[in-house]
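Asks: I would like the atomic coordinates for the input below:
(one chain, ligands or ions: 2)
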Amino acid sequence: MSVMDVTNETAAEPDRFLLNTWASIYQTFGEDDLITFFFGTIIVTSAAFYGTNGFFMILDLAKMPKFLYKYKIQSDKQVEMRKLRKALRQAAINQILVSLPAFVAWYYIAKWRGCSCGYDVPSGWEIVRDLVVILAVEEIGFYYTHRMWHHPIFYQKIHKLHHEWTAPIGIVAVYLHPLEYFVSGVMVALAGPIIMGSHMLTSWIWLFAGVIATTVHHSGYSFPGPLRHTTEFHDFHHLKYNYCYGVFGILDYIHGTDTLYRKSTKDKRKSL
Ligand SMILES: [Zn+2]
Ligand SMILES: [Zn+2]
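Replies: Ligands and ions are numbered 1, 2, ... in the order given. Okay, here's the model as predicted:
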């Protein structure tokens, strides 16, 4: 079936661009759902992860370009090569041993839930609606599982690894014990699309943006823009451990786990 045939048969005018784009992607994967799920998701998440981390790695190690390096939050801390090698090794272990089997499992769960990756692409409005719920699920899922890892039962054996970095860099986003990577990373990220029965197009938009966002949150750079607050928020968590567990700060505000962060930002504003 050609892209034009598909477009003429099913497209509503406003969604023509999305349908055309998706049709060419889907046909590249031979219109095979499992191949689209598995290889497509690997490509989307790897492009986001290695693209963003490659950029930050150059910035961290070469400290260039200067006009971007000046946004480093804890600029007095240097990246230790021994720690960096260990983080890269753990990232590869998690991606190969956890992500790959999880993507296959996701395919079967998503199919059971009725998630499509065919020509029935969602409208722009449906994508936005799904993303709002996905972000809410991320905040709730990440906040409570992250607090759980800080409980003494789990902290030493599981979450302490992630906190070896008090001044994190991008790669630390996946420098996690495999169990934590699976629960707080993979499961929480995929829960939203499964709950919403999202089309694969929506899931990929979320995963691409989500991987970039979590890398920026750990990057240690507070660039002006929409991720500034959430980056400073998570950097503060690595600095002080028992504050700022969530992504957006909404549940930290409700539970009062952001008090020290709010005090420090207020003090910083006063001293300017
Ligand atoms: Zn972290
Ligand atoms: Zn933590």
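Asks: and G225, backbone torsions?
Replies: The phi and psi values for G225, taken as degrees, to the nearest 10, are phi 140, psi -170.
Asks: what about it, neighbour count?
Replies: For G225, the neighbour count with other CB atoms under 10 Å is 9. C-beta here means a position set from N, CA and C on the backbone, and glycine is covered the same way.
Asks: list the contacts of it.
Replies: Under the criterion of CB atoms under 8 Å, 6 or more residues apart in numbering, G225 has no contact partners.
Asks: any idea how far it lies from D60?
Replies: The gap separating G225 from D60 is 19 Å, by CB to CB, to the nearest Å.
Asks: kindly report the same for I93.
Replies: Distance from I93 to D60, by CB to CB: 22 Å.
Asks: okay, those two: which has more neighbours?
Replies: D60 (20 against 13).
Asks: how about that one, nearest residue that isn't a chain neighbour?
Replies: Using CB to CB, 6 or more residues apart in numbering and skipping residues adjacent in sequence, the residue nearest D60 is V79, 5.1 Å away.
Asks: can you tell me the SS state at the closest residue in space to T259 that isn't next to it in sequence?
Replies: Distance criterion CB to CB, 6+ apart; nearest residue to T259, sequence neighbours excluded, is Y243 at 7.3 Å. What DSSP: H, G, I helix; E, B strand; the rest coil gives for Y243 is coil.
Asks: residues contacting Y243?
Replies: Y243 sits next to F236, H237, D252, T257, D258, T259, L260, Y261 when contact means CB under 8 Å, 6+ apart.
Asks: ok, and for the strand or helix carrying D60, which residues are buried?
Replies: Secondary structure from DSSP states H and E places D60 in helix 41-62. Within helix 41-62, the residues that qualify as buried are T41, V44, T45, A48, F49, T52, N53, F56, M57, L59, D60, counting by 16 or more other CB atoms under 10 Å.
Asks: likewise stretch 61-79?
Replies: Neighbour-count burial for stretch 61-79, with 16+ other CB under 10 Å as criterion, is recorded at Y71, K72, I73, V79.
Asks: surely V104 meets F39?
Replies: No: with contact defined as CB atoms under 8 Å, V104 does not reach F39; the gap is 11.1 Å.
Asks: run through this protein and note the low-pLDDT ranges.
Replies: By pLDDT under 70, the weakly predicted segments of the chain are 1-14, 269-272.
Asks: and G185, how far is that from G118?
Replies: Per CB to CB, G185 is found 28 Å from G118.
Asks: please say which of those two ends up with more neighbours.
Replies: G185 (23 against 14).
Asks: you'd agree that one is up against H177?
Replies: No: assessed by CB under 8 Å, G185 is found out of contact with H177, at 10.6 Å.
Asks: mind listing the shared neighbours of those two?
Replies: Contact with both G185 and H177 is made by no residue, according to CB under 8 Å, 6+ apart.
Asks: dump the residue contacts of T36.
Replies: Contact partners of T36, counting by CB under 8 Å, 6+ apart, are I25, Y26, F29, C117, M200.
Asks: can you give me the distance of the residue nearest to H177 when sequence neighbours are not counted to P168?
Replies: The spatially closest residue to H177, leaving aside those adjacent along the chain, is I158, at 4.4 Å (CB to CB, 6+ apart). Taking CB to CB as the measure, I158 falls 17 Å from P168.
Asks: more neighbours: these two, which one.
Replies: The neighbour count for I158 versus P168, taken as other CB under 10 Å, is higher for P168 (26 against 19).
Asks: quick one on the thing from earlier: wait, a strand at the residue nearest to D60?
Replies: No: V79: not assigned to a strand; according to three-state DSSP it is coil.
Asks: and V128, how many residues sit next to it?
Replies: The burial count for V128: 11, using other CB under 10 Å.
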